[in-house]
Structures are given as structure tokens and as C-alpha cells.
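Enquirer: could you look at this predicted model? Sequence included:
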Amino acid sequence: MKARVTVTLKNGVLDPQGKAIEGALGALGFDGINGVRQGKVFDVELSDRDAAKAREELTAMCEKLLANTVIENYAIEIL
């Protein structure tokens, strides 16, 4: 079973990397960029075939390692 975990900064958390990307896009001539937020994507391959159990394990992975839940949100998608 394959899953995708997307981790993004929570609203209100400063994103200096996103700001740098926003500035670089403007310098490259891309107009109309009103903001950029960066994040992380993890593609995880699991041996488990039970989607509910896989989601439970992925949630534990996010809570313990993949996301800093103080400043980041995460979303789990079973593919």
C-alpha cells in the first residue's frame, strides 16, 4: 500500500524559505505572486493492506517524526 504525507507550516508561522522563493520568482520575472508557503511531501510504501491500520500507523509516524505538530500540519492520503 502506498501513501502520501504532506506537511505544511500552520497559518501564522513565519516561513522564511517561502519568502525567499517568492522573492526569487519575482526576480525571475514571474509577476502576480502574492505569497509562497513551502512544505514537505513523503511518499511511504507500507506492507499493510488494511487502510485503517495504515492510516493509524502513518498518524503515529507524523506525530513522532515526520511533522513538528507545534508549528506544522499534516495530511495523509492513501494512494
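Expert: Cool, got the structure. Numbers count the residues shown, from 1 in each chain.

Enquirer: going forward, measure contacts between C-alpha atoms and count neighbours the same way
Expert: Will do.

Enquirer: tell me where the model's unsure across the chain.
Expert: Across the chain, nothing is flagged by pLDDT under 70.

Enquirer: show me the helices in it, by range?
Expert: 16-27, 51-61 (DSSP state H).

Enquirer: CSV for those, including mean neighbour count?
Expert: Shown next, in CSV, are the helices of the chain (neighbours: other CA atoms under 10 Å):
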stretch, mean neighbour count
helix 16-27, 14
helix 51-61, 14
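
Enquirer: send me stretch 44-54 as CSV with only the CA atoms.
Expert: This file holds the C-alpha atoms of stretch 44-54, laid out as CSV (Å, rounded to 0.1, in the frame of the first residue of the first chain):
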residue,chain,number,x,y,z
VAL,A,44,5.6,6.0,2.1
GLU,A,45,5.2,2.4,1.0
LEU,A,46,3.6,0.1,3.6
SER,A,47,3.3,-3.7,3.6
ASP,A,48,0.0,-3.4,5.4
ARG,A,49,-3.1,-3.8,3.3
ASP,A,50,-5.6,-2.5,5.9
ALA,A,51,-6.2,1.2,5.1
ALA,A,52,-7.5,2.0,8.6
LYS,A,53,-4.4,0.4,10.2
ALA,A,54,-2.1,2.1,7.7
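
Enquirer: what does it rub up against?
Expert: Contact with stretch 44-54 is made by M1, K2, A3, R4, V5, I78, as judged by CA atoms under 8 Å, 6 or more residues apart in numbering.

Enquirer: mind checking the end-to-end distance for stretch 68-75?
Expert: Taking CA to CA, to the nearest Å, stretch 68-75 runs 13 Å from one end to the other.
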